[in-house]
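Student: sequence-free structure coming up:
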């Protein structure tokens, strides 16, 4: 796979009101191949005036257009058409993901369909199963209905680490609900949004139903502040999520926030360390270089097995083949950008300064002079209250934390401001369920990472508000209304 450019039909334009339009300025974003640092695409930079135009188009489409007034089955027909086109473009979405963020192509290629076309097919099927209009009986004996109606104009703010899949799990339920959308793609990874806009045009969505722009944070903030936006759905850092929530709170706008994580893997005393290390190390280092919010980065292990876990994870880290994410022999690619690599370097230095033992990795690989590469890194004897155990690093760094017993392991798992994901490693299913119920996280897997958007995904505490995927991912884009007849 030698072609390293990203071909888009309208890279210097914005998709607004069903058309490719000229932006208000000549500003652009250069998109870098994160393994070569070369420009692979250049896209239009939206400013506040462009955002306002997109919001106006979505507002008009919601207030006056046909989309909210179609039946769910009619809207589902469009979702099915979108799914067909996404399947046809699966490999290109995977290649874009690899070039923009560094995920290995052979990992991205089979996964991307589960997220993008899978999301649209799942929600298309819900048109026949979800009770959009449900007969009820009023306490006074009157006939009544509970109906679900679209929340309105939705602003989607998409992250750079997995833009296509996260766009899909926001867009598919919002469209089925009858909402209209302004999708704000990230400057670091905008090309999936462009490709999706091309699909929307091809399937003939009514004008203004989906609008796609790429912009910086100042435009995102103006989008959140817009009184014509009824709901904001955001995936990104907890800091940015706090800002969005505070702005939305001023006008009581609806929000779904999928934020950061510092997720624990609790290894119980009956489970084999080598087996746990193989599951954790290979899934973590090999999946987007740790640039995943729900990664299991805190490995809490019985104190007697601590050294064995550190050595097992270090052995896996040393076997990782860093390189071009498009190459068949590569098992882990670069970080997405220089800023993220700098962040990882800073945390590694903090880990050493705070007394953790750097077992392996911890620096830029000397044989890879270009690209945003960083060695898979393992720390041992990590204090659960230290910076590397409490703050999200978003890079290939694992922390092994010794625990005295099961109760202390559970306490440490919960001793964090986050609560996005977790896992319990034990041979006893009943014990796994009992421990899982004590961990405050939106998902808890047994013997590995088990996040499942088809059921629901989201976090406790500062990991967010609301859920994406599943039935909750649909109701998040609707208002429930009670109608009582006389």
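Tutor: Okay, I see it. Worth saying up front: this structure is predicted, and the values here are computed from it rather than measured.
Student: how much space between residue 398 and residue 168?
Tutor: Using Cβ to Cβ, to the nearest Å, residue 398 is found at 29 Å from residue 168. For every residue, glycine as well, the C-beta is placed using N, CA and C.
Student: ok, the two, which is more surrounded?
Tutor: residue 398 (33 against 28; other Cβ atoms under 10 Å).
Student: so the more buried one makes contact with residue 379?
Tutor: Yes - using Cβ atoms under 8 Å, residue 398 is in contact with residue 379, at 7.0 Å.
Student: for the helix ranked longest in the chain, name the packing helices and strands.
Tutor: Ranked by residue count and defined by DSSP state H, the top helix of the chain is helix 105-126. The contact analysis (3 or more Cβ pairs under 8 Å, 6 or more residues apart in numbering; DSSP states H and E) places helix 105-126 against helix 72-88, helix 90-101, helix 163-177, helix 470-475.
Student: what helices or strands is the second one leaning on?
Tutor: What it means is helix 90-101. Helices and strands touching helix 90-101, by 3+ Cβ pairs under 8 Å, 6+ apart, are helix 105-126, helix 163-177, helix 191-203.
Student: same thing but at 6 Å, please
Tutor: Using 3 or more Cβ pairs under 6 Å, 6 or more residues apart in numbering; DSSP states H and E, the elements in contact with helix 90-101 are helix 105-126.
Student: can you list contacts of the helix it packs on?
Tutor: Residues outside helix 105-126 that contact it (Cβ atoms under 6 Å, 6 or more residues apart in numbering) are 76, 79-80, 82-83, 86-87, 90, 93-94, 97-98, 164-165, 168-169, 172-173, 176, 325-326, 454.
Student: buried stuff in that helix?
Tutor: Using 16 or more other Cβ atoms under 10 Å as the burial criterion, the residues of helix 105-126 that qualify are 105-109, 111-113, 115-124, 126.
Student: what do you get for stretch 358-368?
Tutor: 358-362, 368.
Student: repeat that for stretch 336-351.
Tutor: Residues of stretch 336-351 classed as buried by neighbour count (16+ other Cβ under 10 Å): 336-337, 340-341, 343-344, 347-348, 351.
Student: so which of those is the closest to residue 393?
Tutor: Nearest to residue 393 among the buried residues of stretch 336-351: residue 347, at 4.7 Å, using Cβ to Cβ.
Student: helix, strand or coil for that closest one?
Tutor: helix (DSSP: H, G, I helix; E, B strand; the rest coil).
Student: the stretch 351-486 of the chain: helices as residue ranges?
Tutor: Secondary structure of the stretch 351-486 of the chain (DSSP state H, counting those that start in this stretch): helices at 387-390, 406-414, 429-436, 470-475.
Student: need the contact partners of the longest one.
Tutor: Counting by Cβ under 6 Å, 6+ apart, helix 406-414 makes contact with 264, 266, 300, 384, 403, 438-440, all of which sit outside it.
Student: what subset of these is buried?
Tutor: 264, 266, 300, 384, 403, 439-440.
Student: residue 135: which of these is nearest?
Tutor: So of the buried ones among the contacts of helix 406-414, ranked by how close each gets to residue 135 (Cβ to Cβ), first place is residue 440, at 37.5 Å.
Student: contacting residues around the closest one?
Tutor: 414, 419, 460.
Student: quick check, nearest of those to residue 434?
Tutor: Distances from residue 434 to those, taken by Cβ to Cβ, are shortest for residue 414, at 14.7 Å.
Student: gap between residue 256 and residue 60?
Tutor: 24 Å.
Student: out of the two, which sits in the more crowded spot?
Tutor: Neighbours were counted for residue 256 and for residue 60 using other Cβ under 10 Å; residue 256 has more, 23 against 16.
Student: so that one belongs to a strand, correct?
Tutor: Yes - Residue 256 forms part of a strand when assessed by three-state DSSP.
Student: ok, for it, nearest residue in space, not its chain neighbours?
Tutor: Nearest residue to residue 256, sequence neighbours excluded (Cβ to Cβ, 6 or more residues apart in numbering): residue 466, at 3.8 Å.
Student: just give me the neighbour total for the one you found.
Tutor: 17.
Student: and what of residue 385?
Tutor: Other residues near residue 385 number 11, with proximity taken as other Cβ under 10 Å.
Student: coming back round to it: isn't the residue nearest to residue 256 right up against residue 258?
Tutor: No - contact criterion Cβ atoms under 6 Å: residue 466 and residue 258 do not qualify, at 7.8 Å.
Student: now for the two: what residues contact both?
Tutor: Joint contacts of residue 466 and residue 258 (Cβ under 6 Å, 6+ apart) are residue 458.
Student: list the single closest residue to the one residue sitting closest to the centre of the chain in space, sequence neighbours excluded.
Tutor: Centroid-nearest residue in the chain: residue 166, 4.9 Å away (criterion: Cα atoms, centre = their mean). Leaving out its chain neighbours, the residue that sits closest to residue 166 by Cβ to Cβ, 6+ apart is residue 235, at 5.1 Å.
Student: that neighbour and residue 406: what is the separation?
Tutor: Taking Cβ to Cβ, one finds residue 235 at 33 Å from residue 406.
Student: for these two, indicate the residue with more neighbours.
Tutor: residue 235 (25 against 17).
Student: partner residues bridging the more buried one?
Tutor: Bridge pairing for residue 235 (DSSP bridges) gives the partners residue 258.
Student: report the contact partners of it.
Tutor: Neighbour list for residue 235: 159, 166, 258 [criterion: Cβ under 6 Å, 6+ apart].
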